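Asker: Generate a structure from the sequence data that follows.
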Amino acid sequence: MNMHGAMVHEISFLGLTSSQSQIHLDILLKHPSKFAVANVLFLESPAGVGFSYSKNSSDYTVVGDKRTAEDSYVFLLSWLERFPQYKTRDLFITGESYAGHYVPQLASYILSRNKSTYRTIINLKGIAIGNAWIDDDICTKGLFDYLWTHALNSDETNEGINKYCNFASEDLVTKKADADTTTDQCNKYQSQGTTEMGDIDLYGIYAPICNLSAIKPGSDGNVLNFDPCSDTHVESYLNLATVQAALHAKATKWTGCSPKSTLPEIRHLAKVIRVWIYSGDTDGRVPVTSSRYAIKTLQLPVETAWQSWYSESEVGGYVVGYNGVVFTTVRGAGHMVPSYQPARALTMITSFLQGKLPPGRPPS
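Answerer: Residues are numbered from 1 along each chain as shown. Model (predicted):
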C-alpha cells in the first residue's frame, strides 16, 4: 500500500492533470465534507513500497503478509506513543485490492496483541476493504465469470475454464486440497480469455483507456470526470526530483506496485469488529462476483436483505447485511472506487464509520 497513490486514487482528494507535457497537482474540493468525516493516516507498507525504505537490507528479502502485519503494528504503536492524544480514538483500517490480505491480517494481529495488558491498546473498531483480493481460487473464478457475464469472453472460453480449472461451487466452499487450477488446459483457456477481452481497462471495464498520444494540448483527457491516464500522471509526478525533495523522500524510482486466503481471519474478525466489503461494479480485476463468492463461503445468515442505497438522490449501489459482515456495491465504480464515484464513495464510507447501512430511497 503506498500513500501517494492512495491519495490520488483510493481516497481521491488529490488530482493530477496533464497539459502540454506538464503534470499539475490539484486539490479536489468538490466534496469538502469528506475532510470532516475522519482523520486519515496513510502508511506505506511493506518496506520498499512507494517512498518507504529500510536501512536493513534483510527487510527487502525477509518478506510476507505476516511480516507486513507485524511491521505495521509496530508503526501504529510508535505513532500513538508520539501522538498520545490519539490513543483513545476509534481506529478503522481500510484498503483496496490486495488489502484483502493486508487489512484482515493486520486487524487480527492488533486484536491478538491487545490482549497483552502491558502494551498500548489500539482501539480497533472495524475494517472496510474495496474490491478485495481475499482468496486466490475464489477471486480467479469470480474474475472469469465476470468477464463472461459482461460479454468480454466467449461461451467456449467460459466453458473451458469451468471444465478444466476445477472451480465447481462445492470446491469453493470446502476448499478441497486436490483442486487443481494450474492444468495446461486451464492455463490455455485463461490465456484465451485474457486475449478475447482486447485492449480494455480491466480495472474499469467501461472507462476509456489511457492513450496519451491522442490527448490534445489543453484536453483534460477524461470522460465523466475520470482520467484514464491518472496512473501515468501519478508516476510521472512522484518521480520529479522537486516533488521527492518536498516530500523529504529518499531519491528513488517510484512505482505504484510492489497464504492464498484470508477467509479464516475475516470469519474471526466478523465476530468481534465491524467488517465491510465493498465492490465497484465495473471492476473486472477483482470483480463483484469474486466478493460475492468469497462471502458465500463464510455461510453467514442474512440479517438485512439485498436492497438499493442512494447518494445524491440516485442509486449509489446495493447492499446486503450478513451477521457480522456488510457487503455493498458502488454503482459505476471501477477498482479504486473513489476515483470513479467520489460522492457515492463518501456516502458509503460515512455510513461505515457511523455503523449503519448506506441510506435508502429518499422521500419523494
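Asker: List the residue ranges of the stretch 201-350 of the chain that fall below the pLDDT cut-off.
Answerer: 211-234, 254-259 (pLDDT under 70).
Asker: in it, which spans are strands?
Answerer: 274-280, 302-311, 314-322, 325-330 (DSSP state E, counting those that start in this stretch).
Asker: Tabulate these in TSV, adding columns for mean neighbour count.
Answerer: To be clear about C-beta, it is placed using only N, CA and C from the backbone, and glycine gets the same treatment. Formatted as TSV, those follow (neighbours: other CB atoms under 10 Å):
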stretch	mean neighbour count
strand 274-280	25
strand 302-311	14
strand 314-322	19
strand 325-330	24
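Asker: export these to a markdown table and tack on distance to residue 296?
Answerer: What follows is the strands of the stretch 201-350 of the chain, written out as a markdown table (distance: least, CB to CB, whole Å):
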| stretch | distance to residue 296 |
| --- | --- |
| strand 274-280 | 12 |
| strand 302-311 | 11 |
| strand 314-322 | 10 |
| strand 325-330 | 10 |
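Asker: for these, which one sits closest to residue 126?
Answerer: strand 274-280 (2.9 Å; CB to CB).
Asker: Restrict the closest one to CA atoms and write it as CSV.
Answerer: In CSV, the C-alpha atoms belonging to strand 274-280 read as follows (Å, rounded to 0.1, in the frame of the first residue of the first chain):
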residue,chain,number,x,y,z
ARG,A,274,-17.2,-4.2,12.1
VAL,A,275,-16.4,-5.7,8.7
TRP,A,276,-17.4,-4.2,5.4
ILE,A,277,-16.5,-5.5,1.9
TYR,A,278,-17.4,-3.2,-1.0
SER,A,279,-17.1,-3.5,-4.7
GLY,A,280,-17.1,-1.1,-7.6
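Asker: if we look at that strand, which residues are touching it?
Answerer: With contact meaning CB atoms under 8 Å, 6 or more residues apart in numbering, strand 274-280 is reached by 92, 125-132, 134, 204, 266, 269, 286-288, 291, 294-295, 317, 324-330, 332-337, 340-341, 348, 352, 355.
Asker: Could you rerun that using 7 Å?
Answerer: 125-132, 266, 269, 288, 291, 295, 324-330, 333-335, 337, 340, 348, 352, 355 (CB atoms under 7 Å, 6 or more residues apart in numbering).
Asker: partner strands of it, parallel or antiparallel?
Answerer: strand 124-130 (parallel), strand 325-330 (parallel) (DSSP bridges).
Asker: in the longest one, what counts as buried?
Answerer: Read that as strand 124-130. 124, 126-130 (16 or more other CB atoms under 10 Å).
Asker: With distance to residue 277 and pLDDT added, can I get those residues in a markdown table?
Answerer: Rendered in a markdown table, the data for the buried residues of strand 124-130 read as follows (distance: CB to CB, whole Å; pLDDT from 0 to 100):
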| residue | distance to residue 277 | pLDDT |
| --- | --- | --- |
| 124 | 17 | 98 |
| 126 | 12 | 98 |
| 127 | 9 | 98 |
| 128 | 8 | 97 |
| 129 | 6 | 97 |
| 130 | 8 | 96 |
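Asker: Rebuild those as TSV, extending it with distance to residue 239.
Answerer: Shown next, in TSV, are the buried residues of strand 124-130 (distance: CB to CB, whole Å):
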residue	distance to residue 239
124	35
126	35
127	32
128	30
129	29
130	26
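Asker: Of the residues you listed, just say which sits nearest to residue 118.
Answerer: Once CB to CB is applied, the member of the buried residues of strand 124-130 that ends up nearest residue 118 is residue 124, at 18.1 Å.
Asker: and that closest one, what are its bridge partners?
Answerer: When assigned by DSSP bridges, residue 124 has beta-bridge partners residue 91.
Asker: which helices and strands does the one helix or strand residue 72 maps to pack with?
Answerer: Residue 72 is part of helix 65-82 when elements are defined by DSSP states H and E. When contacts are defined as 3 or more CB pairs under 7 Å, 6 or more residues apart in numbering; DSSP states H and E, helix 65-82 sits against helix 99-113.
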